[in-house]
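> Let me see the structure of the following:
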Amino acid sequence: MFSMLLLILAILILDEDISASSQWSDSTAAKYGRLDCEEGDGAWCPEIAGEPENINEFLQIDLRSLHFITLVGTQGRHAGGIGNEFAQTYKIKYSRDGSRWISWRNRQGKEVIEGNRNAYDIVLKDLEPPIIARFVRFMPVIDHSMNVCMRVELYGCEWLDGLVSYNSPLGQQMTLNGQYIYFNDSVYDGAMSYSMTEGLGQLTDGMCGLDDFTHSHVYNVWPGYDYVGWTNESFPNGYVEIMFEFDRTRNFTTMKVHCNNMFSQRVKTFQKVVCYFRSESDWEATPISFSPVMDDVNPSARFVTVSLYNHMASAIKCQYYFSDIWMMFSEITFQSGYPTTVPRDLDDSNTRILIGCLVAIIFILVAIIVIILWRQVWQKMLEKVSRRMLDDELTASLSIQSETFTYNNNSPSSVPSEQESSSTYERIFPLGPDYQEPSRLVRKLPEFSQTSEDTGELQKRVQEGVPHYAEADIVNLQGVTGGNTYAVPALTMDLLSGKDVAVEEFPRKLLTFKEKLGEGQFGEVHSCEAEGMQDFMDEDFSFNVIENQTVLVAVKMLRTDANKNARNDFLKEIKIMSRLKDPNIIRLLAVCMSSDPLCMITEYMENGDLNQFLSRHEPEGMIAVLSNAPTVSYSNLHHMATQIASGMKYLSSLNFVHRDLATRNCLVGKNYTIKIADFGMSRNLYSGDYYRIQGRAVLPIRWMSWESILLGKFTTSSDVWAFGVTLWEMLTFCKEQPYSQLSDEQVIENTGEFFRDQRRQIYLPQPPMCPDPVYKLMLSCWHRNTKERPSFQEIHHTLLDCKP
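Predicted coordinates:
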């Protein structure tokens, strides 16, 4: 069920959709019953104080359409310490049509839900089974006279299947080795007599049964719980008929049926299915038929997909034919859409309204386009210097309008006194938008979309204060070449869109490609040897190589077939990388932009990434002596961890968020030098470290904080969490994945435990060679509250203090 909670989103509810049986006063009306909201008198309170066994009072929410609800939250009335009313227990009733109300019960049949123990804490409860409903009522239950107030929230998503009920024969029971196995639909919410009618149940609860039907995902239930099953002895026609009713006429493409196939117990998937369709009042005469391939080799449960050939219907009746004695289903889903044809009987008044709306929309779009064009023209008039164009496709340039951060070893006196002990970086204010280094050629890069605000105003806004951290929704961490991309505050990104970047054009002929490190949708990452790279670098940067010796570099290459958005993202990455000048961050060295494919050249380290480096070594001790393996001492591990903290301290000072900090993204040079990189995600070697979310994005969930996984927030604090995991990796010599004993789904479930904060979350264990102060530092990185996690400056200082 945690796939439903991967991005926990509270359902958007308007004030007018919240109602109640009564209210104590206008300031405790239903609209004030929102979770964590202090408006009005701080909660919804009914008019009459609660009495034992009186559950007539309710707070009702209208979701406007059917929703799949997996989680609810409740809270009492605190009102800044004035209030102390809360519901210790409550019930939930729900309805799909507003007329027939159903009492929710858990998988053990219990209706009463444990609520709050005080007026201020939020209590979250998983709904197992989930609710499919439009209307939901919270009904406080009490055991003695008391005042009750509630604040509530629902979590879930819209129910896109459109299924409102299914009618089916009752599930039956099997006797296996003297034990009764029950295959009844225990959570069905319709009428149950000789059959099940007008309800939904286990076939739509989102839980697929296990391969062995005698076992279950659910704790403390009877054998066979996951499945609804029937024996052919009770069906002389040889099939089970199930009718599905939908909210409206739909265009159906497929039906998926999750079946058990434990053939050793005479259980198989259906031999054939025949489906009839009803779009108006009558059933169509011609059904469709499908016969799946029978499998007598693999006993695994599986989905069987049935094509419905875009039939239009509001109800479907399916006859599933037995292929053995037993047939068992745990889940049935439909893929459908709304009809695209306009009904012919649409009256003239509706047609006129539709045409009027279309004309209004077109007028608004034209006005928006005119405004955008006018703002672009005005921007160009404000530019002080005309800029060169790289080609017809890539336009404009990057002008510097605000402060930059540069690394400077030779000017310690320019650093403010309060920063001397903690940073070797100083802020350099440029001479102006036309400034460039006089002794170097500056490569003008094409820009990505500029802001429409005046640059002077932007500079003023920076001086007023940059956001403390950057946030980014979970969309995709991958860049165009496959590596992760830094999350940058929107304000910083706006400012970067007007900056020149002093970056050299490097001759391609001087690059010798050695190995492909990884790839993404639009590009690749290669390790290369570069000749004469020293001649292209600034005076503040030098390679520790003999003159005329080739330099090992990484080359990110954009494929020639990349679209314009990918090219802009690639240029944006160049712009971000050009800002990073730190001894523990890989540095952008040069670019190849004169022709396709576009390339950026960055540092690379001869010892590869830290994960592979440590996995080839052993800690000092008897095991290393017996195996004759190369060793790394604890002091060297500590030295490398301190460098990672230093590099991340620098990134956080720029309000940049890495989002994929791990040993695979740290490169190792001579003398245990560490530089933080960003292309571990592109490497097939580490594909097992990433979890794909329903085809939308790949995420390093074992290194991510709970708020990044569940809420989509990437901040400096989430990087701190990842640093704690990275430190754990180092002290285990990367011999296993974090949480190796948990599946990906269990890792996500564990983040849910961090979210609930009921002390059931699992922490990474203390590595054998990890000192107590260092493990204490790790645990502080994994605080649930982001404000309680240390900053990278504090982490760096702590590691320096406990240096061995």
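
> From now on I want contacts and neighbour counts done on CA atoms only, so please keep to that.
Will do.

> which other helices and strands contact the helix or strand that contains Trp721?
Assigned by DSSP states H and E, Trp721 belongs to helix 716-731. Counting contacts by 3 or more CA pairs under 8 Å, 6 or more residues apart in numbering; DSSP states H and E, helix 716-731 is packed against helix 634-653, helix 772-781.

> Just tell me which of these ends up closest to Lys93.
Ranking the helices and strands packed on helix 716-731 by proximity to Lys93 (CA to CA) places helix 772-781 first, at 41.0 Å.

> For the helix or strand following the closest one, C-alpha coordinates in CSV please.
Next helix or strand after helix 772-781 toward the C-terminus (DSSP H and E): helix 792-801. Presented in CSV, the C-alpha positions along helix 792-801 are these (Å, rounded to 0.1, in the frame of the first residue of the first chain):
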residue,chain,number,x,y,z
PHE,A,792,27.3,20.7,7.6
GLN,A,793,29.4,23.3,9.4
GLU,A,794,28.6,21.6,12.7
ILE,A,795,29.3,18.2,11.2
HIS,A,796,32.6,19.3,9.8
HIS,A,797,33.6,20.9,13.2
THR,A,798,32.5,17.7,15.0
LEU,A,799,34.7,15.5,12.8
LEU,A,800,37.6,17.7,13.2
ASP,A,801,37.2,17.6,17.0
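
> Just the residues contacting helix 792-801, thanks.
Residues from elsewhere that reach helix 792-801 (CA atoms under 8 Å, 6 or more residues apart in numbering): 422, 638, 641-642, 645-646, 648-649, 652, 720, 774, 777.

> Of these - the most surrounded one?
Val720 (31 neighbours; other CA atoms under 10 Å).

> Number of residues surrounding the closest residue to that one other than its chain neighbours?
Using CA to CA, 6 or more residues apart in numbering and skipping residues adjacent in sequence, the residue nearest Val720 is Cys781, 5.7 Å away. The local packing of Cys781 (other CA under 10 Å) involves 27 other residues.

> what about the helix of greatest length in the chain, average pLDDT?
In the chain, with assignment by DSSP state H, the single longest helix is helix 348-382. The pLDDT scores in helix 348-382 average 82.

> I'd like the distance from that helix to the chain centre, please.
How far helix 348-382 lies from its chain's middle: 35 Å, per CA atoms, centre = their mean, to the nearest Å.

> swap in stretch 122-130?
That offset, for stretch 122-130, works out to 20 Å (CA atoms, centre = their mean).

> One more: stretch 710-728?
13 Å.

> My read is that Gly337 contacts Asn251, right?
Yes - judged on CA atoms under 8 Å, Gly337 makes contact with Asn251 at a distance of 5.1 Å.

> These two - which one has more neighbours?
Asn251 (19 against 16).

> how about low-confidence regions in the stretch 601-750 of the chain?
By pLDDT under 70, the weakly predicted segments of the stretch 601-750 of the chain are 622-625, 627, 693-696.

> quick one: the helices in it?
For the stretch 601-750 of the chain, the helices defined by DSSP state H, counting those that start in this stretch cover 610-615, 622-627, 634-653, 706-711, 716-731, 744-756.

> out of these, deepest packed?
helix 716-731 (a mean of 26; mean count of other CA atoms under 10 Å).

> Disregarding residues adjacent in the polypeptide, which is nearest to Asp17?
For Asp17, ignoring the flanking residues on the chain, the nearest one in space by CA to CA, 6+ apart is Asp62 at 5.0 Å.

> Check for me that that neighbour belongs to a strand.
Yes - under DSSP: H, G, I helix; E, B strand; the rest coil, Asp62 falls within a strand.

> And it, how close does it get to Asp295?
To Asp295, Asp62 is 46 Å away according to CA to CA, to the nearest Å.

> who has more neighbours, these two?
Between Asp62 and Asp295, counted using other CA under 10 Å, the more crowded position is Asp62 (19 against 12).

> in the stretch 101-250 of the chain, which ranges drop under the pLDDT threshold?
144-145.

> how about a cut-off of 80?
Scanning the stretch 101-250 of the chain with the threshold set as pLDDT under 80 gives 142-146, 219-220.

> okay, the closest residue to Thr231 other than its chain neighbours: pLDDT?
Of all residues not flanking Thr231 in the chain, Trp326 sits nearest, at 4.6 Å (CA to CA, 6+ apart). Looking at Trp326, its pLDDT is 96.

> hang on, the earlier thing: wait, which of the helices of the stretch 601-750 of the chain is closest to Ser25?
Nearest of the helices of the stretch 601-750 of the chain to Ser25, taken as CA to CA: helix 744-756 at 32.3 Å.

> rewinding a little: reformat the helices and strands packed on helix 716-731 into JSON lines and put distance to Cys802 next to each item.
JSON lines is the format used below for these (distance: least, CA to CA, whole Å):
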{"stretch": "helix 634-653", "distance to Cys802": "9"}
{"stretch": "helix 772-781", "distance to Cys802": "8"}
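
> wait, which of those helices is closest to Ala79?
Of all the helices and strands packed on helix 716-731, helix 772-781 sits nearest to Ala79, with 31.3 Å by CA to CA.

> if I look at the residue lying farthest from the centre of the chain, how far off is Phe322?
Using CA atoms, centre = their mean, the residue of the chain lying farthest from its centre is Pro236. It sits 49.6 Å away. Between Pro236 and Phe322 the computed distance is 11 Å (CA to CA).

> swap in Ser289?
For Ser289, the distance to Phe322 equals 14 Å [CA to CA].

> and these two? which has more neighbours close in?
With neighbours defined as other CA under 10 Å, Ser289 and Phe322 compare such that Phe322 has more, 24 against 15.

> so what's the backbone phi/psi at Asn584?
Dihedral angles of Asn584 (phi, psi; degrees, to the nearest 10) stand at phi -110, psi 20.

> isn't it right up against Ser646?
Yes - between Asn584 and Ser646 there is a contact under CA under 8 Å: 7.0 Å.

> circling back to that earlier point, out of the helices of the stretch 601-750 of the chain, which comes closest to Phe363?
Proximity to Phe363 (CA to CA) singles out helix 706-711 among the helices of the stretch 601-750 of the chain, at 37.4 Å.

> So in terms of bridging, what pairs with Cys592?
Beta bridges link Cys592 to Cys599 when assigned by DSSP bridges.

> residues contacting it?
Cys592 sits in contact with 505-508, 598-601, where contact means CA under 8 Å, 6+ apart.

> Can you turn the buried part of those into a PyMOL selection?
In PyMOL syntax, the buried subset of these is picked out as below (16 or more other CA atoms under 10 Å):
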select buried, resi 505+506+507+598+599+600+601
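
> any chance of the contacts of Cys592 in CSV, plus distance to Glu57?
Output for those, formatted as CSV (distance: CA to CA, whole Å):
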residue, distance to Glu57
Glu505, 73
Phe506, 74
Pro507, 77
Arg508, 75
Leu598, 66
Cys599, 66
Met600, 65
Ile601, 67
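
> Alright, that wraps it up for me.
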